[in-house]
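Peer 1: Next input, structure requested:
(chains A, B, C, D and E)
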Amino acid sequence: MGTQTLTYGSVTWIDIIHPTPADVENLQERFPYIHPLNLEDVRSPMERPKIDVDDNYLFVVMHFPLFDKRLSLSRPREVDLIIGRGYVVTVHDGVLKPLTTLYELCEDDELQRQRLLGRGANHAFYTIIDQLVDYVLPILRKVDGNIRDIEEDIFTRDTREVIREISLVRRDVIALRRIIRQQVPIVEQLEQVEHPIIHEDLEEYFGDIADHLYKARDIVDENYEIITSLADTVDTLASHRINEVMRILTVISVIMLPLTLISSIYGMNVPLPGQPEFRQDPNSFWLIAVFMVLISLVMLWYFRKRNWL
Amino acid sequence: MGTQTLTYGSVTWIDIIHPTPADVENLQERFPYIHPLNLEDVRSPMERPKIDVDDNYLFVVMHFPLFDKRLSLSRPREVDLIIGRGYVVTVHDGVLKPLTTLYELCEDDELQRQRLLGRGANHAFYTIIDQLVDYVLPILRKVDGNIRDIEEDIFTRDTREVIREISLVRRDVIALRRIIRQQVPIVEQLEQVEHPIIHEDLEEYFGDIADHLYKARDIVDENYEIITSLADTVDTLASHRINEVMRILTVISVIMLPLTLISSIYGMNVPLPGQPEFRQDPNSFWLIAVFMVLISLVMLWYFRKRNWL
Amino acid sequence: MGTQTLTYGSVTWIDIIHPTPADVENLQERFPYIHPLNLEDVRSPMERPKIDVDDNYLFVVMHFPLFDKRLSLSRPREVDLIIGRGYVVTVHDGVLKPLTTLYELCEDDELQRQRLLGRGANHAFYTIIDQLVDYVLPILRKVDGNIRDIEEDIFTRDTREVIREISLVRRDVIALRRIIRQQVPIVEQLEQVEHPIIHEDLEEYFGDIADHLYKARDIVDENYEIITSLADTVDTLASHRINEVMRILTVISVIMLPLTLISSIYGMNVPLPGQPEFRQDPNSFWLIAVFMVLISLVMLWYFRKRNWL
Amino acid sequence: MGTQTLTYGSVTWIDIIHPTPADVENLQERFPYIHPLNLEDVRSPMERPKIDVDDNYLFVVMHFPLFDKRLSLSRPREVDLIIGRGYVVTVHDGVLKPLTTLYELCEDDELQRQRLLGRGANHAFYTIIDQLVDYVLPILRKVDGNIRDIEEDIFTRDTREVIREISLVRRDVIALRRIIRQQVPIVEQLEQVEHPIIHEDLEEYFGDIADHLYKARDIVDENYEIITSLADTVDTLASHRINEVMRILTVISVIMLPLTLISSIYGMNVPLPGQPEFRQDPNSFWLIAVFMVLISLVMLWYFRKRNWL
Amino acid sequence: MGTQTLTYGSVTWIDIIHPTPADVENLQERFPYIHPLNLEDVRSPMERPKIDVDDNYLFVVMHFPLFDKRLSLSRPREVDLIIGRGYVVTVHDGVLKPLTTLYELCEDDELQRQRLLGRGANHAFYTIIDQLVDYVLPILRKVDGNIRDIEEDIFTRDTREVIREISLVRRDVIALRRIIRQQVPIVEQLEQVEHPIIHEDLEEYFGDIADHLYKARDIVDENYEIITSLADTVDTLASHRINEVMRILTVISVIMLPLTLISSIYGMNVPLPGQPEFRQDPNSFWLIAVFMVLISLVMLWYFRKRNWL
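Peer 2: Alright, predicted model coming up:
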């Protein structure tokens, strides 16, 4: 989408969405001291967040969750941040709402721009990360609500649906947990970094972000524990239910088999005992039928006695 | 249900059950400094407890468990508390017994009113929360008794019933654990808040509530562990039992199948070996029958030898 | 059974077994300052141990395990203790050996009575609890021996028996763990209580009891871990074994089915191909038989190739 | 086997293998202050290690693992140690190599004897325990190698064999873990004992033994975790594989059943539709056969569509 | 492959790939004070990393993971390091890229050689280990990517494939975890070693390596947790799916069986009720067919009512 720039006083926010090679080249020209490896990182997706500390700038890669409706799964979205003397660069793909909203707000509203950029680049840097971290909590609250619903419906709703829903929520919680946990050491490092660009008095601010992140981590850990417990419960229920069904069905089969054998025996093309009278006797059929019913009853009685039915 | 008000000396307790828009408007008029967002929170259900600290008041959202007989499940019930200079506001839906009982007691009995409100709004605030937290312990004690019963009956009662009961208790313990755990950071924060409205000498009191909450958390954690262990035990037993049944039933099927095959063969409309003598010989049937019994015995012997039966 | 009393010097031990209302009334008359709620607790069984501290006395409810042979399960047995100035009251149901033995010993033997009661009520109180806690260790040692036996026999003994034994031991370990863990905070509280009745120099003694209880807790935790591991191992083995059996049995069924189909086809009352020659030909049977054997062999070969057999 | 004695200077090592009553009596005569209960312990096997501290001696019971090839399982072997002024007594059953080797070495070699006994009884006591603890590491290293092999072969070797091997290794790791963990508090106590017989400067030595034991515990804990993970992996694989087989076999059965029904229908002794022409028509058979093939194909198509095949 | 030597100033790097007995002899001649046991260790593969500290040298055995494509599994590769005054010896099998690359770089490039060896043997020793540890991170990042893919595809891709992939990744993570964890105590020991050869100022450097190793351990622990969670999720899904299939297939079988019984009954060679009219009646077949359909419908209705279908 290209590079957008906002300036207030001596501080500039350079926002790059879907960086093209040209965008990166511009960046390189403007800040020649940025290490080529970092510019390489800007262009390609990164698997893990990281911080690189340089004399002239800090390069930070972070991931924030975005719920992908198609997958029903929160996916990590990368934001690359560069903070140097008098500027902040953000590189992302334009789908993280808190970031785009913040930019638009500052673009439209002089006051907001002042609030963001008027207190220095480091403060702007802090505010951007803070907005992104705060955005995680509502996502978690939605997961909370889903879990609460499952809790209530676990016995009453159709097991198949509940299993599917639990699996979906669990997968999402696993993914969220992973994303949130990976950001923790990054913010902890930001808290400890002693760098002229990040003035010491910001330490407290990053401590605040870390607190929010810890809270998010605790919530997602708790959610993980609960969804796992619920999955265990529904597993037990489902496997018990299916076992019961299979057992009864198998008992039915086993009762049918000897009857089929008997009728098959009387269908053999050899003289049956008592022939030929038996073969002609119209009562034979009823004799056999009574015998079959008797066998069934004996089996039913036995199976019930052994508590198989 | 509307707003009820109790006053003793300079302290007022405003108790709002199922707040209507009118109730909230009254509140706003009376305390114009309450933030609209907090009033919004009062009106709508909240997924998670929280504390908002303002210069003029504290806004606290907490949840307490109430056993829902229909669901056989403890559900969180929200209580919103606002404490300001000289007043406490409680907003709830009128089903939490300790709260309604306390209100009625103070309404009817001058002495109780004095005891609750006579020592300041902050003390009333503390007492209300204390009553609510204390009410959690008898709920947990009932769960304790249920677990003890399951422990004793796990081998002797019908497995299906035990599984159902364990699942119910487990779900309830999971829900209780979740509710109790979420209140812990709230009370911890109340303990640490340094605010003119909550005098410092109340810190100790909230420490006391925190202790009760820790105890409740420990009990529910222990219960969770035990019910999980019992669920494991009964799972093993049940799956072992069902497997045994299925195995024996399958063995019966397998023994029936070759016999059916044999009788089916003798039912084919082709000349059997030894024809036509065999087809006419009245002993044929007995020969076949003996052959069938022999096959069954060989299979039984083999299955027993391989320890399948 | 009524109230028994032992006195030495100024110290009295009142031992009440299965308290009747009369026993409780006597107690109330003798010590009018005992709170009615505590006397209520004495009469009814308590789910959880607890301590109530009063100016004039301490009321302690503890549970100790007793192996119930009928259930093959350790059950908690309640002991209520009241310690006041110059007396100790114990209320129980007369089945905890260390307590009854101690009483009988002191009843018969002057020296033992002096040893128990001669050093003050608090020392007697300590000794009684110590005896009860020490009695837990031999119970755990027996569990230890059972686990060791299971460990050795897990592969060689019949799986069904091993599963049953593991389930029994696991249930017992879960119950023991629960009882022991619940006593820990009680003894920890006794260690910290600063009360004129419990002189400070007893703190160390209760520290000693706490150490024994910690040791018991560690042993039972270890036992729980090990029995769970063994249950996992035997679960894997049993489910693998049953799966193997089911697989082979199913393969046998599947081989039988096409043969039955073939013989059933030749039993149809329609002209078979090659009729009427085929129907009369004495070789038909052998042709069909060879065909059946061939099909069986092909299936066996295929199943073995796919590693299903 | 009787009592053996080694002396160097003022220090004596009394080594008793399989103590007879006479051996124990001799011991009692020689050291009359040894408590009868400890001598009782010497004679009978102990379930758990322990330390008894007396004014005149220390009595230590420890267990060390020995691999029992018949059981494929490490079994605890008891060593009782008594250390007093100028002597060390070891009681065991003669199968722990490090102990017998050490004795033989000191018996044959003057220098070794000096090295062991020349620095005092406490140093000999330390050395004996050190030798026994060190012997645990090679046992663990062998387990390490077994786990490595399983890791590599888990996909390629026959599942049944892998399951059996994992079960064996897991049982062995559980047993080793149990033995090693139980020794830890004993050595920790030895480190802290302040006793004239164990001079203070030995504390450091026992700290060294404790370190080795901690290392052994860490290795065995790690092994336990890994073997459990591998067991989980192979469980998933095996149950998935068996499920696949069962599913396909069941599909085959289900396809056979309607065909058998059809042929059975045409074998009924009632006029078939279109009688008598149909019964005589040589094409009837082929019509039925085509119908059967069609039904099979429809079922196969349906099962494949539903992804059951 | 033999011994290669690099020298810069007074520092020599001796790199031995696949040591032959001659290589080891040379080493012994050059550094006669190296203990024969260590040289023995050089020649044979070691199961576990270790450090031996001698007055004249340090002997370190470490393992680093290398992905074996054939096994789809990371395998530990041993590197033996000896550092003495003025020299570093590395013994390995030539497949660890960071080591061979470093050697080649220093061989070809004077500057690199100076950078590595110019700051002393201890610095070279540190650099070599650092290179090897740093090489672990990209391996873990690849695993990270694999897990991310599985997370996304778990519901949409074929279950069988997903299970196989998860099993492969899990096995790899277990192996990696094991290798990384075993190196941690080695590096921690290096950090604490106080030895004239490793100057104190290197402590900080080894602290740096330890930090990288901790990070790697955290990543691999996290990966283990996540892949286990995903395996649980897919297990539940797969077993649920297979159960559903089996249930429906069994229902089909059970519906077929009574129909087969009926047709088999009418195939018996005995007079059927209503004989001979029924046997001749062309409507008999349709009567039976309707009866069969009715039975099927009743069963279907019953199974659906009981929620078995």
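Peer 1: ranges for the strands of chain A?
Peer 2: All strands of chain A, identified by DSSP state E, fall at A:2-8, A:11-17, A:50-53, A:57-68, A:73-84, A:87-92.
Peer 1: CA-only coordinates of the second one in CSV, if you can.
Peer 2: Listed in CSV are the C-alpha atoms of strand A:11-17, where the atom choice follows Å, rounded to 0.1, in the frame of the first residue of the first chain:
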residue,chain,number,x,y,z
VAL,A,11,8.6,13.6,15.7
THR,A,12,7.6,11.6,12.7
TRP,A,13,5.6,8.4,12.4
ILE,A,14,6.3,6.4,9.3
ASP,A,15,3.6,3.8,8.7
ILE,A,16,4.3,1.2,6.0
ILE,A,17,1.6,-1.2,4.9
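Peer 1: Adding mean pLDDT, distance to chain C and mean neighbour count, write the strands of chain A out as TSV.
Peer 2: C-beta here means a position set from N, CA and C on the backbone, and glycine is covered the same way. Output for the strands of chain A, formatted as TSV (pLDDT from 0 to 100; distance: least, Cβ to the nearest Cβ, whole Å; neighbours: other Cβ atoms under 10 Å in any protein chain shown):
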stretch	mean pLDDT	distance to chain C	mean neighbour count
strand A:2-8	90	58	15
strand A:11-17	94	52	21
strand A:50-53	89	38	15
strand A:57-68	93	35	21
strand A:73-84	93	31	21
strand A:87-92	94	46	24
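Peer 1: For residue E:86, find the nearest of those.
Peer 2: Smallest distance to residue E:86 across those (Cβ to Cβ): 35.2 Å, for strand A:50-53.
Peer 1: In chain A, what residue comes closest to chain C?
Peer 2: residue A:267 (6.9 Å; Cβ to the nearest Cβ).
Peer 1: Domains in chain A, by residue range?
Peer 2: Domains of chain A are assigned by automatic domain parsing as A:2-240, A:266-305.
Peer 1: Chain D is nearest to which of the ones you listed?
Peer 2: Per Cβ to the nearest Cβ, nearest to chain D of the domains of chain A: domain A:266-305, 6.9 Å.
Peer 1: So which bits of the closest one are buried?
Peer 2: If you call a residue buried by 16 or more other Cβ atoms under 10 Å in any protein chain shown, then domain A:266-305 has these buried ones: A:266-272, A:278, A:284-285, A:288, A:292, A:299, A:303.
Peer 1: re earlier: worst mean pLDDT among the domains of chain A?
Peer 2: Among these, domain A:266-305 carries the lowest mean pLDDT, at a mean of 80.
Peer 1: can you pull out the helices in the stretch 101-250 of chain A?
Peer 2: For the stretch 101-250 of chain A, the helices defined by DSSP state H, counting those that start in this stretch occupy A:110-117, A:121-134, A:136-153, A:159-192, A:203-265.
Peer 1: helices or strands next to the last one in the packing?
Peer 2: Think helix A:203-265. helix A:121-134, helix A:136-153, helix A:159-192, helix A:284-305, helix B:159-192, helix B:203-265, helix E:203-265 (3 or more Cβ pairs under 8 Å, 6 or more residues apart in numbering or on different chains; DSSP states H and E).
Peer 1: touching chain E at all, the fifth one?
Peer 2: No. Looking at helix B:159-192 against chain E by Cβ under 8 Å from any Cβ of the partner chain, there are no contacts, and the closest approach is 14.5 Å.
Peer 1: tilt between that helix and helix B:136-153?
Peer 2: 150 degrees (axes from the mean of the first three to the mean of the last three Cα atoms, to 10 degrees).
Peer 1: May I have stretch A:158-176 as PDB, with CA atoms only?
Peer 2: Taking C-alpha atoms only, stretch A:158-176 is exported to PDB below (Å, rounded to 0.1, in the frame of the first residue of the first chain):
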ATOM      1  CA  ASP A 158     -25.600 -32.800  21.000                       C
ATOM      2  CA  THR A 159     -22.200 -34.400  21.900                       C
ATOM      3  CA  ARG A 160     -20.900 -34.100  18.400                       C
ATOM      4  CA  GLU A 161     -21.500 -30.400  18.200                       C
ATOM      5  CA  VAL A 162     -20.000 -29.800  21.700                       C
ATOM      6  CA  ILE A 163     -16.900 -31.800  20.700                       C
ATOM      7  CA  ARG A 164     -16.400 -29.700  17.600                       C
ATOM      8  CA  GLU A 165     -16.900 -26.500  19.500                       C
ATOM      9  CA  ILE A 166     -14.500 -27.500  22.200                       C
ATOM     10  CA  SER A 167     -11.900 -28.500  19.600                       C
ATOM     11  CA  LEU A 168     -12.300 -25.100  17.900                       C
ATOM     12  CA  VAL A 169     -12.000 -23.100  21.100                       C
ATOM     13  CA  ARG A 170      -9.100 -25.200  22.300                       C
ATOM     14  CA  ARG A 171      -7.200 -24.700  19.100                       C
ATOM     15  CA  ASP A 172      -7.800 -21.000  19.300                       C
ATOM     16  CA  VAL A 173      -6.700 -20.900  22.900                       C
ATOM     17  CA  ILE A 174      -3.500 -22.800  22.100                       C
ATOM     18  CA  ALA A 175      -2.800 -20.400  19.300                       C
ATOM     19  CA  LEU A 176      -3.500 -17.300  21.400                       C
END
